[in-house]
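> Sequence first, predicted model second:
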Amino acid sequence: MENTLLMRTEASHSLNFLVYIQNIFLNRSQSRDELKFPYIPTRCEFRKDFDMRYRELWDEVSKRISEHPINDIKIFAEEKNLFYKGLFVENDDTLNEFNEIYNSFKVWWGSFAGRFSVERSIDEKGQEIYAELASLLLEKGIKPQKELNISLIYDECVLVDLEPSSYFAVLSIRDCFVNYKELIPKLQLCIY
């Protein structure tokens with residue numbers, strides 16, 4: 001049997017924006033030693049059921065991306081109200097704050113310090129992950145039926161349990177380095 005694994009790794013606009021919003025939300029109740037990027041002091045009002053709505057939105061967005069990776073940029077660019085209406089209290093002040101958060105993310109993500117750096121941070125590790133996963137699949141006699149899509153996020157998503165699904169997984173940079181040993185068997189579960 002020969003290696004037929006095809007694997008695409010891409011830093012998701014929409015999922016990284018959700019992590020960005022999550023971190024702003026979490027920073028409101030963190031001590032100075034626990035703050036996450038980005039630290040944006042804001043009086044923006046989040047929905048009271050933020051945690052639940054966040055999980056629902058994450059599930060919806062990641063499902064759409066898993067169905068077709070092009071959906072990612074469409075959601076981020078054409079459906080930004082999905083994030084606002086789902087996670088924020090709707091009023092003029094909060095809309096203005098949300099637009100500032102959206103633009104702040106967009107500027108960072110479009111810079112060399114954003115998406116480019118996130119994707120490049122795992123170049124070498126990504127090759128190791130591919131080689132080990134391909135080897136494990138050959139060893140177990142598993143022949144992939146389609147491409148494995150991996151959405152890379154810059155920080156951990158602590159509000160959602162990131163379970164891989166059919167030929168799709170969401171990984172943080174931390175997963176690729178710190179949780180590396182558990183990663184390969186986890187990714188193997190995506191492929192059948």
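Alright, I've got the coordinates. Residues are numbered from 1 along each chain as shown.
> Export the helix or strand bottoming out on mean pLDDT in the chain to CSV, keeping only CA atoms.
Taking mean pLDDT, DSSP states H and E as the measure, the chain has helix 180-188 as its least confident helix or strand, at a mean of 93. The C-alpha trace of helix 180-188 is given here as CSV (Å, rounded to 0.1, in the frame of the first residue of the first chain):
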residue,chain,number,x,y,z
TYR,A,180,1.8,16.8,19.9
LYS,A,181,1.8,13.2,21.3
GLU,A,182,-2.0,13.1,21.5
LEU,A,183,-2.4,14.8,18.1
ILE,A,184,-1.6,12.1,15.7
PRO,A,185,-4.1,9.5,17.1
LYS,A,186,-6.7,12.3,17.3
LEU,A,187,-6.2,13.1,13.6
GLN,A,188,-6.3,9.5,12.7
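> gap between that helix and the chain center?
A distance of 17 Å separates the centroid of the chain from that of helix 180-188, by CA atoms, centre = their mean, to the nearest Å.
> cool, and stretch 174-181?
Distance, centroid of stretch 174-181 to centroid of chain: 15 Å (CA atoms, centre = their mean).
> Just the pLDDT for Met1.
Note on Met1: pLDDT of 81.
> That one contacts Glu139, doesn't it?
No: assessed by CB atoms under 8 Å, Met1 is found out of contact with Glu139, at 9.8 Å. C-beta coordinates here come from the backbone N, C-alpha and C atoms, glycine included.
> buried ones in the least confident helix or strand of the chain?
For helix 180-188, a neighbour-count test (16 or more other CB atoms under 10 Å) marks 183-184, 186-188 as buried.
> residue ranges for the strands of the protein, please.
7-11, 148-153, 168-172 (DSSP state E).
> Run through the residues that contact the nearest residue to Ser121 once chain neighbours are set aside.
Nearest non-adjacent residue to Ser121, counting by CB to CB, 6 or more residues apart in numbering: Ile173, 5.4 Å away. Taking CB atoms under 8 Å, 6 or more residues apart in numbering, we find Ile173 in contact with 118, 121-122, 152-155.
> Please repeat the previous calculation with a cut-off of 10 Å.
11, 117-119, 121-122, 125, 152-156 (CB atoms under 10 Å, 6 or more residues apart in numbering).
> which helices and strands does the least confident helix or strand of the chain pack with?
helix 123-140, strand 148-153, strand 168-172, helix 173-177 (3 or more CB pairs under 10 Å, 6 or more residues apart in numbering; DSSP states H and E).
> distance between the third one and the chain's centre?
This means strand 168-172. The answer for strand 168-172 is 7 Å, by CA atoms, centre = their mean.
> pLDDT of it, averaged?
pLDDT averaged over strand 168-172 gives 97.
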